[in-house]
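Chemist: Mind folding the following:
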Amino acid sequence: MKSEGIYAMAAKQDYQHLARLFYQLEQIKAEGHFTKPIHYSELFASTQKRELLIFVTDLYQTNDEIVKLLDTLGTLRHEIVVFHVLARNELELDFEGYSTFEDLETGETIQIDQEKARQRYKSKLATYLAETRAKMLDRRIFYRTISTHEPLDEALRDFLKQRSKIRI
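Modeler: Take a look at the predicted model:
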C-alpha cells in the first residue's frame, strides 16, 4: 500500500509466480498514509472469482480504513490473510536509550521514559493484539503477527502449507 494507490498482482499458475511476488514485496517502500478508497478499484477489478488476498501491514490506521477495506473484501467472499508486521523493539519497547519517538506517517513526536512506560506499554500492546486478532477471526480472516526479523517467505509458506492441509 502507498498513498497514491494499491499494488495488486494478478494470480498466475506458474512456478515463477511466488518469486515474482517476493520480488515485488522487496520493491515496495513503506511511506505515507493508507491509500484512499478511490484507489481500491484495483482490488475490485476482478470480483468475478473468489480470490486469495494477502495483506502485509503494520495495521496503523487513523479511522479504521484498513478494517473497512477488509470488511468490503470479505463481503465479496474473498479469502483474506493478514500478516501484521511488528518490529522486535516495537514488541519489547526496547529502543536502546531513545526517548523521543516520531510517528513516521504524521511527523508527530513524543518523549517517554522507556523504563517507566515498558510494563504498561506491553500490557496495552497485548490487549490491542488480542482485540485485533479477535476482530480478524470474527470476520473469518486468517491473522498472524510476524516480527520484522522473521522472513516473510517463511510465514507465507507456513500459511500455504497449513491451508493445503485443511483443504484435503
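Chemist: Flag the helix or strand of the chain with the lowest per-element mean pLDDT.
Modeler: Scoring the helices and strands of the chain by mean pLDDT, DSSP states H and E places helix 41-44 at the bottom, with a mean of 61.
Chemist: Give the helix, strand or coil label for I80.
Modeler: What DSSP: H, G, I helix; E, B strand; the rest coil gives for I80 is strand.
Chemist: give the contact list for it.
Modeler: By CB atoms under 8 Å, 6 or more residues apart in numbering, the contact set of I80 is L53, F55, L70, L73, G74, R139, R140, I141, F142. Just so you know, the C-beta spots here come from the backbone N, C-alpha and C atoms, and that holds for glycine as well.
Chemist: Look up how far E26 lies from it.
Modeler: Distance of I80 to E26, given as CB to CB, to the nearest Å: 23 Å.
Chemist: Ok, L18 next?
Modeler: Per CB to CB, L18 is found 13 Å from E26.
Chemist: So which residues of the chain form strands?
Modeler: Secondary structure of the chain by DSSP state E: the strands cover 52-57, 79-86, 100-102, 109-111, 142-147.
Chemist: Going by neighbour count, which residues in the fourth one are buried?
Modeler: Okay, so that is strand 109-111. Judged by neighbour count (16 or more other CB atoms under 10 Å), strand 109-111 contains no buried residues.
Chemist: Check the second one too.
Modeler: Of all the residues in strand 79-86, those buried under the rule 16+ other CB under 10 Å are I80, V81, V82, F83, H84, V85, L86.
Chemist: so what's Q61 closest to, chain neighbours aside?
Modeler: With CB to CB, 6 or more residues apart in numbering as the criterion, Q61 has its nearest non-adjacent residue at 5.9 Å, and that residue is F34.
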